[in-house]
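Quick one, structure for this:
(one chain, ligands or ions: 2)
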Amino acid sequence: MGRTLSEKVWDAHVVRHADGEPDLLYIDLHLVHEVTSPQAFDGLRLAGRPVRRPDLTIATEDHNVPTLDVDQPIADPVSRTQVDTLRKNAEEFGIRIHTLGDPDQGVVHVIGPQLGLTQPGMTVVCGDSHTSTHGAFGAIAFGIGTSEVEHVLATQTLMQARPKTMAVTVDGVLPDGVSAKDLVLALIAQVGTGGGQGYIVEYRGEAIRALSMEARMTICNMSIEWGAKAGMIAPDETTFSYLQDKPHAPQGVDWEAAVEYWKSLATDEDATFDREVVLRAEDIAPFVTWGTNPGQGIPLSEAVPSPDDFDNENDKVAAERALEYMGLTAGTPMREIHVDTVFLGSCTNGRIEDLRAAAGVLAGRKVAEGTRMLVVPGSGRVRLQAEAEGLDQIFKAAGAEWRGAGCSMCLGMNPDQLAPGERSASTSNRNFEGRQGKGGRTHLVSPLVAAATAVTGTLAAPADLQPLDVAVPENV
Ligand SMILES: CC(C)[C@H](C(=O)O)[C@@H](O)C(=O)O
Ligand code: SF4
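Numbering: from 1, shown residues only. Ligands and ions are numbered 1, 2, ... in the order given. Sure thing, here's the model as predicted:
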């Protein structure tokens, strides 16, 4: 019988299989950051073990780094210790590291793909839940805990129970102004934050095939937000042309051989999935969250729901609590919600295409009074590319802040945080209580919605903005 993409990649990495036991998998790429690695390295030191494959291991600093004054020592002592520890560990164990100021420093899930380290058919792990991002290349990629980080550092293998398979098929064509972020938020609202538990998901169908690599990464990034073990997209011409000129992509005859192998990974016609979900792209609209988990989302055109709208008792209670935390009243049109801070960045939407999309909206416009906007490139290289294209000038002219690379306001582990009660429109992936700072309130949005929201000061899509050529003169 035929096999799915994930089954093929999995089978190709089994080092040891025994019935009733987890498989022992070979790991092709291990990404490391400062938050989840210190104890793993301590463990190696205690056992007197080296890193088994330093050449398949790469580190970067992202969560704890500031995005301003990056040439200065890190002010916060805890963050400074985290980052210094990673640097020392990398040196001691012979691991390549990209530190602040290096173009390849940045969010770990942005730099793997940009370096061409992430490739189809691989197994990719990192002590970070959004490792699922790398599945966009047709790799099995998932987050692991710190004890597993130690295991992979020591052995380049990992014990894993084989997950079930799921297909999410998105038929049709996404409407104009509707992006990958809207698609994945709409999906999570439908299937629920636990809907993917126990599955490796393959995203497929016409709408997925039409997406760029970066948009595919946005979708796979959020696989973990609905509980999936991993999310994957079969490699195709879009994947190959993205990879071809990347520093670590295979060259010459190796490239030809690699592409041939990668093409063989697509799910066979006669393969079956344990579960299938189908979405119609035409039905998807700009989507925003109103609550405190990524599944509490609705189209931007709708109003804040009432707990009574939910049949299930758990959902009712969750909605009640979320509305209270978010300071929202049922029935308020989403478009009327005022936003204090707009955050454009993160491993979900901090790549060059995201910055281009937002800059396209902001060009010739201004960030609303009473609203601030932070633009945080996902990596040093994204920042340089944006500057080469003049996007930084557009952001600055609009009144937005142009920052250095890192996780930034995606989570409160660095100076970029919301104040208590402050409300954001954020292109990141989590809207949990306190995620962007204690008491902060997060609405997850796409880069297009983020930019339009910055202009109006209330949640908005580009279609809501005054066309530029009929802009009201300043003196009126
Ligand atoms: C700090 C890290 C372990 C965490 C994760 O695993 O995802 C972070 O990246 C996040 O997005 O919440
Ligand atoms: S950008 Fe956000 S989601 Fe991504 S790794 Fe950093 S903290 Fe996690």
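
Quick one, grab the pLDDT at the residue nearest the centre of the chain.
By Cα atoms, centre = their mean, the chain has its centre lying nearest to T348, at 2.7 Å. T348 carries a pLDDT value of 99.

pretty sure it is touching N429, no?
Yes. Between T348 and N429 there is a contact under Cβ atoms under 8 Å: 4.4 Å. Where you see a C-beta, it was placed from the backbone N, CA and C, and this is true even at glycine.

Spit out the residues that contact those two alike.
Residues touching both T348 and N429 (Cβ atoms under 8 Å, 6 or more residues apart in numbering) are 130, 221-222, 410.

Show me the two of those residues that sit farthest apart.
Using Cβ to Cβ, those span at most 12.6 Å, a distance reached by M222 and C410.

Could you pull out the residues contacting both of these two?
Common neighbours of M222 and C410 (Cβ under 8 Å, 6+ apart) are 348, 429.

can you list contacts of the lengthiest strand in the chain?
Longest strand in the chain, counting residues (DSSP state E): strand 164-171. Residues outside strand 164-171 that contact it (Cβ under 8 Å, 6+ apart): 4, 6-7, 183, 187, 196, 198-208, 228, 267, 273-281.

Filter those down to the ones in strands?
Judged by DSSP E, strands contain the following of the contacts of strand 164-171: 199-204, 275-280.

Please identify, among the residues you listed, the one with the most neighbours.
Tallying neighbours with other Cβ atoms under 10 Å puts V201 at the head of the ones in strands among the contacts of strand 164-171, with 32 neighbours.

Burial check on D270, number of neighbours?
Neighbours of D270 under the rule other Cβ under 10 Å: 8.

Kindly report the same for F93.
Using other Cβ under 10 Å, F93 is surrounded by 18 other residues.

Isn't it up against P54?
Yes. Counting by Cβ under 8 Å, P54 is a contact partner of F93 at 6.5 Å.

Can you list the buried residues in the longest strand of the chain?
For strand 164-171, burial by neighbour count (16 or more other Cβ atoms under 10 Å) applies to 165-170.

Format those as TSV; extra columns: pLDDT and distance to E369.
As requested, these are arranged in TSV below (pLDDT from 0 to 100; distance: Cβ to Cβ, whole Å):
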residue	pLDDT	distance to E369
T165	98	51
M166	98	46
A167	98	47
V168	98	41
T169	98	45
V170	98	39
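
which one of these is nearest P294?
Nearest to P294 among these, with distances taken as Cβ to Cβ, is V168, at 15.3 Å.

Distance-wise, check that closest one relative to I233.
Distance, V168 to I233, by Cβ to Cβ, to the nearest Å: 10 Å.

Mutual contacts of the two, please.
202-204.

Give me the subset of those that also touch ligand 2.
Residues of these in contact with ligand 2 (Cβ under 6 Å from any ligand atom): none.

Who are the packing partners of the helix or strand the residue nearest to the centre of the chain falls within?
Per DSSP states H and E: T348 is located in helix 346-349. Helix 346-349 is packed against helix 108-114, helix 213-221, with contacts defined by 3 or more Cβ pairs under 8 Å, 6 or more residues apart in numbering; DSSP states H and E.

which bits of the stretch 201-350 of the chain sit near ligand 2?
346-347.

tell me the helices in the stretch 201-350 of the chain, going along the chain?
Using DSSP state H, counting those that start in this stretch, the helices of the stretch 201-350 of the chain run over 206-209, 213-221, 237-243, 252-263, 313-326, 346-349.

Once you drop chain neighbours, what's closest to A271?
Counting by Cβ to Cβ, 6 or more residues apart in numbering, A271 lies nearest to G2, which is 3.7 Å off, once chain neighbours are set aside.

Quick check: the residue of the stretch 251-400 of the chain nearest ligand 1.
Nearest residue of the stretch 251-400 of the chain to ligand 1, counting by Cβ to the nearest ligand atom: C347, 7.8 Å away.

Pretty sure that residue sits against T131.
No. Using Cβ under 8 Å, C347 makes no contact with T131, being 9.5 Å away.

Quickly list what's touching both of those two.
Between them, C347 and T131 share the contacting residues H109, judged by Cβ under 8 Å, 6+ apart.

Hmm, T239 is touching F137, no?
Yes. Look at T239 against F137 with Cβ under 8 Å: they come within range, at 5.8 Å.

So those two - more neighbours on which side?
Per other Cβ under 10 Å, whichever of T239 and F137 has more neighbours is F137, with 28 against 21.

A461: what's it in contact with?
177, 286, 300, 448-449, 452.

Now do the phi/psi pair for it.
For A461, the backbone dihedrals (degrees, to the nearest 10) come out as phi -110, psi 160.

Leaving out chain neighbours, which residue sits closest to it?
Excluding its sequence neighbours, the residue lying closest to A461 (Cβ to Cβ, 6+ apart) is P286, at 4.5 Å.

so what's that neighbour up against?
So P286 contacts 177-178, 182, 299-301, 446, 448-449, 461 (Cβ under 8 Å, 6+ apart).

any idea which of those residues is the one closest to ligand 1?
If you rank the contacts of P286 by distance to ligand 1 using Cβ to the nearest ligand atom, S446 comes first, at 18.2 Å.

hang on, the closest one packs against S179?
Yes. Look at S446 against S179 with Cβ under 8 Å: they come within range, at 4.6 Å.

Which residues are in contact with each of those two?
Common neighbours of S446 and S179 are listed as A357 (criterion: Cβ under 8 Å, 6+ apart).

Looking at those two now, which is surrounded by more residues?
With neighbours defined as other Cβ under 10 Å, S446 and S179 compare such that S446 has more, 30 against 24.

re earlier: of the helices of the stretch 201-350 of the chain, flag the one that's most buried.
Mean neighbour count (mean count of other Cβ atoms under 10 Å) peaks for helix 346-349 among those, with a mean of 30.

Which SSE is immediately downstream of that helix?
Using DSSP H and E, the helix or strand that follows helix 346-349 towards the C-terminus is helix 352-362.

So for that next one, what gets flagged as buried?
Neighbour-count burial for helix 352-362 [16+ other Cβ under 10 Å]: 352-359, 361-362.

any idea which of these is closest to D254?
Of all the buried residues of helix 352-362, D254 sits closest to I352, with 26.9 Å by Cβ to Cβ.

Next one: the closest one from V110, what distance?
10 Å.
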